[in-house]
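Chemist: here's my sequence, what's the structure:
(one chain, ligands or ions: 1)
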Amino acid sequence: MMQTTTPTQTHLPQVQEPRNDGMPLDLSWVRSVQANTSAIERRAVTLPGRRSVKKDHQAAWLCKAISLMDLTTLSGDDTEGRVRRLCAKARQPVRADLLQTLGMEGLTTGAICVYHDMVPTAVDALRGTSIPVAAVSTGFPAGLSPFHLRIAEIGESVAAGAEEIDIVITRRHVLQGNWQALYDEMAEMRRTCGTAHVKAILATGELGSLRNVARASLVCMMAGADFIKTSTGKESVNATLPVTLTMIRAIRDYYMRTGLRVGYKPAGGISKAKDALVYLSMIKDELGDRWLQPDLFRFGASSLLGDIERQLEHHVTGGYSAGWRHAIG
Ligand SMILES: O=C[C@H](O)COP(=O)(O)O
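Modeler: Reported below is the predicted structural model:
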């Protein structure tokens, strides 16, 4: 159960974390991984009722959620103007007077997430801040362009200033149980990222079973993923609580066996403040406070910030504002 302590916000990990450099593919470990779907689904159903934070504590956790957010725009009609507005929102995600009342001046989002061709615009708009730019590369969202082009796209995103790269895996490798191919693809992408951190998007809604989700999570971590991420936001089913339980338990198992912490990013369809609190509570329960830092947890969300801002305004003023007053995020 989430404690009612006030979380802190920082872009820096509280301890220096060794990066996950991965390990050789251990096929016997991968094939031994199972997922008890009915038990996971039963547990997931109970989670929303377990949230206990109220009032000031709830406001503090919502500010925490903002600090852990990859504020995202991934639309075919993205323009430089839209990306610049989003970056302004990342710099100041909530109205200044509200932040002042909450004692949260200086709060920013965890990152901005854009398509490759918007990286230079976002880097320019975020100059002078410590907010990193994340690029979705590798033929997002299907990830089916020729492999050398996907690798080249990573290189270009890094050269343009992206500090984080969200790659998409080839779902076919998972559906066919071709773990070696998935490992090799992921390892090559990680190498190409260099010092940029890599988030592996599993597109869980297309993987067929929670067992596949668990095995794919493990293989990506073995190949050096810094984060595993649920979805592109473009699948018909995106982030869910059962998928989250499955992936964060894979992260825990990997940590127990290797001592290496891998981050988690639920993405797609998370648009309500109350849902964000459920995710944070789950991470606290299953992985502990260390995973509630921006180097180990992010929400991928294009519309969550607007609802959080409304809830914070209600907390401070006692009234809800109209949705149009929070048009971005
Ligand atoms: O990676 C982030 C997702 O694309 C965002 O999805 P969303 O638009 O459903 O929030």
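
Chemist: ok, residue 222 touching residue 183?
Modeler: Yes: shown here, residue 222 and residue 183 form a contact pair, counting by Cβ atoms under 8 Å, at 6.3 Å. C-beta here means a position set from N, CA and C on the backbone, and glycine is covered the same way.

Chemist: quick check: neighbours shared by these two?
Modeler: Common neighbours of residue 222 and residue 183, using Cβ atoms under 8 Å, 6 or more residues apart in numbering, are residue 25.

Chemist: tell me the contacts of the residue in the chain that the ligand sits nearest to?
Modeler: Residue nearest to the ligand within the chain (Cβ to the nearest ligand atom): residue 233, separated by 2.5 Å. Contact analysis of residue 233 by Cβ under 8 Å, 6+ apart lists 72, 74, 141, 267, 268, 269, 300, 302.

Chemist: count of residues packed around the fifth one?
Modeler: Okay, so that is residue 268. Using other Cβ atoms under 10 Å, residue 268 has 25 neighbouring residues.

Chemist: show me the shaky parts of the protein.
Modeler: Segments of the chain classed as low confidence (criterion: pLDDT under 70) are 1-16, 51, 323-329.

Chemist: who does the longest helix along it touch, helix- and strand-wise?
Modeler: Secondary structure assigned by DSSP state H gives helix 241-258 as the longest helix of the chain. Where contact means 3 or more Cβ pairs under 8 Å, 6 or more residues apart in numbering; DSSP states H and E, helix 241-258 is packed against helix 37-46, helix 210-222, strand 227-229, strand 263-265, helix 273-286.

Chemist: using CSV, lay out the ones you listed together with distance to the ligand.
Modeler: Output for the helices and strands packed on helix 241-258, formatted as CSV (distance: least, Cβ to the nearest ligand atom, whole Å):
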stretch, distance to the ligand
helix 37-46, 19
helix 210-222, 16
strand 227-229, 7
strand 263-265, 7
helix 273-286, 11
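
Chemist: does residue 62 touch residue 273 like I think?
Modeler: Yes: proximity of residue 62 to residue 273 meets the contact threshold set by Cβ under 8 Å, at 5.7 Å.

Chemist: list the contacts of the closest residue to residue 263 other than its chain neighbours.
Modeler: In this structure, residue 263 finds its nearest non-sequential neighbour in residue 227, 3.8 Å apart by Cβ to Cβ, 6 or more residues apart in numbering. Residue 227 makes contact with 197, 198, 199, 200, 262, 263, 264, 265, 296, 298, according to Cβ under 8 Å, 6+ apart.

Chemist: CA atoms only for whatever helix or strand residue 184 lives in, dumped as PDB, please.
Modeler: Residue 184 is located in helix 179-193, with elements delineated by DSSP states H and E. C-alpha atoms of helix 179-193 as PDB (Å, rounded to 0.1, in the frame of the first residue of the first chain):
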ATOM      1  CA  TRP A 179      14.800 -15.500 -28.800                       C
ATOM      2  CA  GLN A 180      18.200 -15.400 -30.400                       C
ATOM      3  CA  ALA A 181      17.000 -13.100 -33.200                       C
ATOM      4  CA  LEU A 182      15.300 -10.800 -30.600                       C
ATOM      5  CA  TYR A 183      18.500 -10.800 -28.500                       C
ATOM      6  CA  ASP A 184      20.700 -10.000 -31.400                       C
ATOM      7  CA  GLU A 185      18.400  -7.200 -32.700                       C
ATOM      8  CA  MET A 186      18.200  -5.600 -29.200                       C
ATOM      9  CA  ALA A 187      21.900  -5.900 -28.500                       C
ATOM     10  CA  GLU A 188      22.800  -4.200 -31.800                       C
ATOM     11  CA  MET A 189      20.300  -1.400 -31.200                       C
ATOM     12  CA  ARG A 190      21.800  -0.900 -27.700                       C
ATOM     13  CA  ARG A 191      25.300  -0.800 -29.100                       C
ATOM     14  CA  THR A 192      24.200   1.800 -31.600                       C
ATOM     15  CA  CYS A 193      22.700   4.000 -28.900                       C
END
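
Chemist: packing partners of that helix?
Modeler: When contacts are defined as 3+ Cβ pairs under 8 Å, 6+ apart, helix 179-193 packs onto helix 27-32, helix 147-159, strand 164-168, helix 171-175, strand 197-201, helix 210-222.
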